[in-house]
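In: I'd like to go over a predicted model; first the sequence, then the structure.
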There are 2 protein chains.
Amino acid sequence: MGIEIERKFLLASDGWRGLGTPTRMRQGYLAADPVRTVRVRIEGDRAVITIKSKSTGASRGEWEYEIPVQDATELLDGLCEQPLVEKTRHRIAHAGHVWEVDEFCGDNAGLVVAEIELASEDEAFEKPDWIGVEVTGDKRYYNCSLIRQPYSQWPDKT
Amino acid sequence: MGIEIERKFLLASDGWRGLGTPTRMRQGYLAADPVRTVRVRIEGDRAVITIKSKSTGASRGEWEYEIPVQDATELLDGLCEQPLVEKTRHRIAHAGHVWEVDEFCGDNAGLVVAEIELASEDEAFEKPDWIGVEVTGDKRYYNCSLIRQPYSQWPDKT
């Protein structure tokens, strides 16, 4: 098991645009309940199945396995909960860390969030000036929540 | 995707005992709903994660990936629905097919079922005289049902 420690933020400006490398992602869930998630993701020319345990603070257990892209396509189209989550991830290096800015499409168009992966919950990091308020732990922003309550249906977008 | 075509039977007698090779299995579910199951299984010194679609007749889609036994142990003990399903599988060759006789333990002790995997729904096969009535499609006998309603709690055991 790996431990994923991740903090999530909204964006304060478009200052991140044009930085980093974009990768298209298409993902869906075979399980999306409060205790465990099983996610299938195609990321560029690679596919993975990822199991995550419930979050405690900014941390959760994670087990990930690479699978054939053909299998992932079958699972996403035929077996995962619909709709899928589609987004473009921009990986942006800044002051020794990598920020992942996710720009959502489809039913979640308009939503952009930035994540940073840390080695420990209290690891210090420097925020670029385009990083806004923190939303770590806000369940509305969980990718597995966005299939049931997409951003386009939120009554109060922040 | 593979297609799993499997028929399931009760046992008519103990005539199968002493035939074939026993393997201990310990398995649990990360998802166990009517549309899809995600199963983690340790079988001897090997572990797999197996995704299955809903059954149509005796058939269902199946995607299986080998994972480290250490990961499977973590998933079974920490993340899968409890209780787990534990059984000894006896693989018995008979007239060109392999019968898998599953003898359950724990909360499902007393339950024994035999399965045969076929290449097509209408493939002919010969039944040994220790094979009893068919229970293919009877949801009570699904392994993923046995975690929620174990055999020890069945009101009318057949």
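Out: Right, received. Where do you want to start?

In: which SSE is the residue of chain A found nearest chain B in?
Out: The nearest approach of chain A to chain B comes at residue A:31, 3.8 Å away (CB to the nearest CB). In this view, the C-beta of every residue, glycine as well, is placed from N, C-alpha and C. Secondary-structure assignment from DSSP states H and E places residue A:31 in strand A:21-32.

In: quick check: buried residues in that strand?
Out: Residues of strand A:21-32 classed as buried by neighbour count (16 or more other CB atoms under 10 Å in any protein chain shown): A:25-32.

In: what's in contact with the very next helix or strand once past that strand?
Out: Going down the chain from strand A:21-32, the next helix or strand is strand A:36-43, by DSSP H and E. Strand A:36-43 has contacts (CB atoms under 8 Å, 6 or more residues apart in numbering or on different chains) with A:23-31, A:47-54, A:67, A:69, A:72-73, A:75-76, A:80, A:89, A:143-144, B:30-31, B:38, B:79.

In: ok, the residue nearest in space to the middle of chain A - contacts?
Out: Centroid-nearest residue in chain A, with CA atoms, centre = their mean: residue A:143, separated by 5.7 Å. Taking CB under 8 Å, 6+ apart, we find residue A:143 in contact with A:27, A:39, A:85.

In: from residue A:101, how far out is it?
Out: 14 Å (CB to CB, to the nearest Å).

In: try residue A:43
Out: Relative to residue A:101, and taking CB to CB, residue A:43 is found at 15 Å.

In: more crowded one of these two?
Out: residue A:101 (24 against 15; other CB atoms under 10 Å in any protein chain shown).

In: which of the three states applies to the closest residue to residue A:95 other than its chain neighbours?
Out: Excluding the flanking residues, the one nearest residue A:95 by CB to CB, 6 or more residues apart in numbering or on different chains is residue A:126, at 4.1 Å. Assigned state for residue A:126: coil (three-state reduction, DSSP: H, G, I helix; E, B strand; the rest coil).

In: residue A:126 reaches residue A:94, doesn't it?
Out: Yes. Taking contacts as CB atoms under 8 Å, residue A:126 lies within contact range of residue A:94: 6.9 Å.

In: which one's more surrounded, the two?
Out: residue A:94 (17 against 10).

In: for the more buried one, give the beta-bridge partners.
Out: residue A:97 (DSSP bridges).

In: A helix includes residue A:77, no?
Out: Yes. Assessed by three-state DSSP, residue A:77 belongs to a helix.

In: count the neighbours of it for me.
Out: Neighbours around residue A:77, by other CB under 10 Å: 12.

In: for residue A:67, same thing?
Out: 19.

In: dig out what it forms beta bridges with.
Out: residue A:47.

In: list the contacts for it?
Out: A:40, A:47-49, B:63, B:65.

In: closest to residue A:134 out of those residues?
Out: Residue A:134 has its nearest neighbour among these in residue A:48, at 26.6 Å by CB to CB.

In: next up, the contacts around that closest one.
Out: So residue A:48 contacts A:40-41, A:64-67, A:72 (CB under 8 Å, 6+ apart).

In: re the thing from before, quick one, grab the pLDDT at the residue nearest to the centre of chain A.
Out: At residue A:143, the predicted lDDT confidence score is 91.

In: so how far is residue A:24 from it?
Out: Taking CB to CB, one finds residue A:143 at 15 Å from residue A:24.

In: which residues of chain A fall in helices?
Out: A:69-78 (DSSP state H).

In: so where is it shaky, pLDDT-wise?
Out: A:158 (pLDDT under 70).

In: got the residues of it near chain B?
Out: A:1, A:30-31, A:35-36, A:38, A:49, A:51, A:53, A:61, A:63, A:65, A:67, A:71, A:74-75, A:78-79 (CB under 8 Å from any CB of the partner chain).

In: buried subset of the residues you listed?
Out: A:1, A:30-31, A:36, A:38, A:49, A:51, A:53, A:61, A:63, A:67, A:71, A:74-75, A:79.

In: how many neighbours does residue A:44 have?
Out: Counted with other CB under 10 Å, residue A:44 comes out at 12.

In: tell me which residues of stretch A:79-86 are tucked away?
Out: Within stretch A:79-86, the residues that qualify as buried are A:79-80, A:84-86, counting by 16+ other CB under 10 Å.

In: how about stretch A:86-95?
Out: Buried residues in stretch A:86-95 (16+ other CB under 10 Å): A:86-87, A:89-90, A:92, A:94.
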